[in-house]
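**Student:** The following block contains a protein sequence and its predicted model.
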Amino acid sequence: MDFRQLRTFSCVAELGSLSKASDTLRVAQPALSRQIKLLEHELRAELFTRNGRGMVLTEAGHLLLARTSGIVRQLDQIRDDIQSAKGPPSGQVVLGLVPTVSCVLSARFARRCVEKYPGISLRIVESYSGHIVEWLHRGEMDLAILYGRSADLHLNVQSLGRDNIVAVGPRGCGLARKKNVDIGWLLRQRLVLPSHSHGLRALIEHAAAQRKIKLNVQLEADSFRVLTSLVEEGLGFALLPPSSVHGEVADGRLETAMVSKPMTRELIFASPIDRPASTASLAVTALLREEVAACRKEGVWDIKLS
């Protein structure tokens with residue numbers, strides 16, 4: 001196996017198409033197809049199933065991708081670092097954000113990154129903490145902001161503070177007038193929550209179990225945007241960080257109130273522990289810290305320092 005073959009394989013696997021990979025790598029399709037065939041010949045296994053919809057990984061392909069995607073990224077970063085030594089940072093940086101953080105940070109941070117580092121290609125991936133941790137471990141992601149107990153993740157971590165969880169309801173529900181609601185009352189209302197695999201759901205279930213309350217959950221949504229839209233429609237209450245619904249509250253579409261017994265989640269900055277950060281990644285990390293501090297100062301993001 002050589003690097004060109006692995007890079008071609010990784011690109012085709014990600015895009016699911018030889019034509020798209022050809023555009024991305026700026027290499028003719030026949031040349032890419034030949035590299036894939038050489039790799040399959042060397043490994044004595046088919047890596048893709050070809051069909052009318054594109055290229056689909058076989059079981060062997062999935063195994064190869066899991067073992068090599070991090071290696072390919074590291075080699076790309078070595079090249080970028082050497083080129084950056086003579087000038088401003090360049091190369092790709094993959095940043096992971098949980099949905100409630102992404103809605104606050106993504107657009108403003110992307111704009112700032114483009115303005116300050118035009119040579120850096122920033123890829124923002126929005127997902128839940130469990131997926132982000134897996135991608136960090138596999139070397140497919142450079143840095144992330146997520147929720148979790150920092151001691152359990154086996155990553156380079158720094159606590160950013162604790163994010164409050166508040167009651168969220170539709171316009172006219174009365175939360176805005178109350179300002180503060182009893183947690184026992186809230187847990188007995190009809191709720192719209194993420195599924196059981198989500199860390200926020202576990203936090204709410206634990207609070208209910210402590211009070212021997214059976215939750216009334218008729219609707220679940222693992223998409224943050226779907227969840228808030230269900231609340232807007234009056235289909236239930238939710239519990240979310242206030243920063244994540246700041247715009248909706250300002251527009252009068254949602255109402256929030258603090259809960260009687262504060263509920264918080266630890267917010268952490270994480271990066272892989274087993275490989276050095278690239279020059280571009282270090283630059284983005286520093287800029288991201290500045291942006292988080294700016295959000296705090298502006299009152300956009302009310303994170304309580306640990």
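**Tutor:** Yes, it's here. Numbers count the residues shown, from 1 in each chain.
**Student:** and the top strand by length along the chain, how far from the chain's centre?
**Tutor:** In the chain, taking DSSP state E as the definition, the longest strand is strand 156-170. Centroid separation for strand 156-170 versus its chain: 15 Å, with Cα atoms, centre = their mean, to the nearest Å.
**Student:** Check stretch 123-139 too.
**Tutor:** 6 Å.
**Student:** May I see the buried residues of that stretch?
**Tutor:** Buried residues in stretch 123-139, counted by 16 or more other Cβ atoms under 10 Å: 124, 126-129, 132-133, 135-137, 139. (C-beta placed from N, C-alpha, C; glycine too.)
**Student:** Can you name the next helix or strand after the longest strand of the chain?
**Tutor:** helix 175-178 (DSSP states H and E).
**Student:** just the CA coordinates of the helix or strand where L230 lies, formatted as CSV?
**Tutor:** If you go by DSSP H and E, L230 is part of helix 224-232. Extracted in CSV, the C-alpha atoms of helix 224-232 (Å, rounded to 0.1, in the frame of the first residue of the first chain):
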residue,chain,number,x,y,z
PHE,A,224,-31.9,19.7,18.4
ARG,A,225,-33.8,21.7,15.7
VAL,A,226,-36.6,19.2,15.6
LEU,A,227,-36.9,19.2,19.4
THR,A,228,-37.2,23.0,19.6
SER,A,229,-39.7,23.1,16.8
LEU,A,230,-41.9,20.5,18.6
VAL,A,231,-41.8,22.7,21.7
GLU,A,232,-42.8,25.7,19.6
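**Student:** list the helices and strands it packs on?
**Tutor:** helix 99-116, strand 156-170, strand 190-193, strand 238-240, strand 254-259 (3 or more Cβ pairs under 8 Å, 6 or more residues apart in numbering; DSSP states H and E).
**Student:** Of those, which stretch is the most buried?
**Tutor:** Of all these, strand 238-240 carries the top mean neighbour count, a mean of 24, counting by mean count of other Cβ atoms under 10 Å.
**Student:** Mean confidence (pLDDT) on the helix or strand just after that strand, please.
**Tutor:** With elements assigned by DSSP H and E, the helix or strand that comes after strand 238-240 is helix 246-250. Mean pLDDT, helix 246-250: 89.
**Student:** In the chain, where's the longest helix?
**Tutor:** In the chain, taking DSSP state H as the definition, the longest helix is helix 59-84.
**Student:** May I see the buried residues of that one?
**Tutor:** Neighbour counts over helix 59-84 (16+ other Cβ under 10 Å) mark 61, 64-65, 68-70, 72-73, 76-77, 80-81, 84 as buried.
**Student:** In CSV, list the residues you listed along with pLDDT and distance to F48.
**Tutor:** Below are the buried residues of helix 59-84 laid out as CSV (pLDDT from 0 to 100; distance: Cβ to Cβ, whole Å):
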residue, pLDDT, distance to F48
G61, 89, 6
L64, 89, 10
L65, 87, 11
T68, 82, 15
S69, 78, 15
G70, 75, 20
V72, 79, 17
R73, 76, 20
D76, 76, 22
Q77, 73, 26
D80, 74, 28
D81, 72, 31
S84, 71, 34
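**Student:** Could you grab the helix/strand/coil label for the residue sitting furthest away from the middle of the chain?
**Tutor:** In the chain, the residue that sits farthest from the middle, by Cα atoms, centre = their mean, is H41; the gap is 36.4 Å. Under DSSP: H, G, I helix; E, B strand; the rest coil, the three-state class of H41 is helix.
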